[in-house]
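**Student:** Got a predicted structure here, sequence first:
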Amino acid sequence: MITKLDSMLLLEKMKRRVGPDSLTFDFGHLRNRNGCHVELLFLRYLGALCPGLLGCEGTGEKRLSYSITWFCSWSPCANCSIRLSQFLSQTPNLRLRIFVSRLYFCDMENSPARDGLIMLKKAGVQTSVMSYKDFFYCWHNFVDCKQKLKRILQPCETEDLRDAFKLLGL
């Protein structure tokens, strides 16, 4: 049996507001590690991933705003939903959207995981099941590296000739 702890993958896209209209894009991924769910690992590393999110206490430094989109293999469990909701309630300059491919133990009407998803919604998290378009986005931006791998594995002479032919328009 595959459990969430064995197979959880989180792909992330972060947008950081640098100025009134300026956004930068950062992409990354995390996997469950050492018995810790990926959502909690993300919170643990958030300060390094999002510099300026929490500001600097006592220095008057302004907090930066972030919008983070997660693409997850599973929806958060009840415990992770609680922790995320608590964190988000203390971090108004962070917006979180979550796209999941599967719901984590949400079949029963009174499951804690369902309550967790409702709690996330109340905390302002937009949660959706991935559509084909979302899967394609993940595939294109995080997974599909066939052409890059092909070029890496080809002999150097072939790569040089192909680049030369491309420059000549052939």
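**Tutor:** The structure has been received and is ready for your questions. Numbers count the residues shown, from 1 in each chain.

**Student:** Okay, helices next: where are they in this structure?
**Tutor:** Ranges of helices in the chain, per DSSP state H, are 4-7, 38-49, 78-89, 112-122, 132-138, 146-153, 156-168.

**Student:** Now the longest one: average pLDDT?
**Tutor:** In this model, helix 156-168 carries a mean pLDDT of 56.

**Student:** can you check stretch 138-149 too?
**Tutor:** For stretch 138-149, mean pLDDT rounds to 72.

**Student:** Any idea how many residues pack against residue 110?
**Tutor:** Residue 110 sits with 6 neighbouring residues when counted by other C-beta atoms under 10 Å. All C-beta spots, glycine's among them, are computed from the backbone N, C-alpha and C.

**Student:** er, residue 25 actually
**Tutor:** Residues near residue 25, counting by other C-beta under 10 Å, number 9.

**Student:** pLDDT weak spots in the chain?
**Tutor:** In the predicted model, the chain carries pLDDT under 70 at residues 1-9, 18-22, 24, 55-62, 106-108, 144-152, 154-170.

**Student:** Provide a list of residues in contact with the closest residue in space to residue 26 that isn't next to it in sequence.
**Tutor:** Closest residue to residue 26 apart from its sequence neighbours, by C-beta to C-beta, 6 or more residues apart in numbering: residue 14 at 4.4 Å. Residues near residue 14 by C-beta atoms under 8 Å, 6 or more residues apart in numbering: 25, 26, 27, 28, 49, 50, 66, 67, 68, 69.
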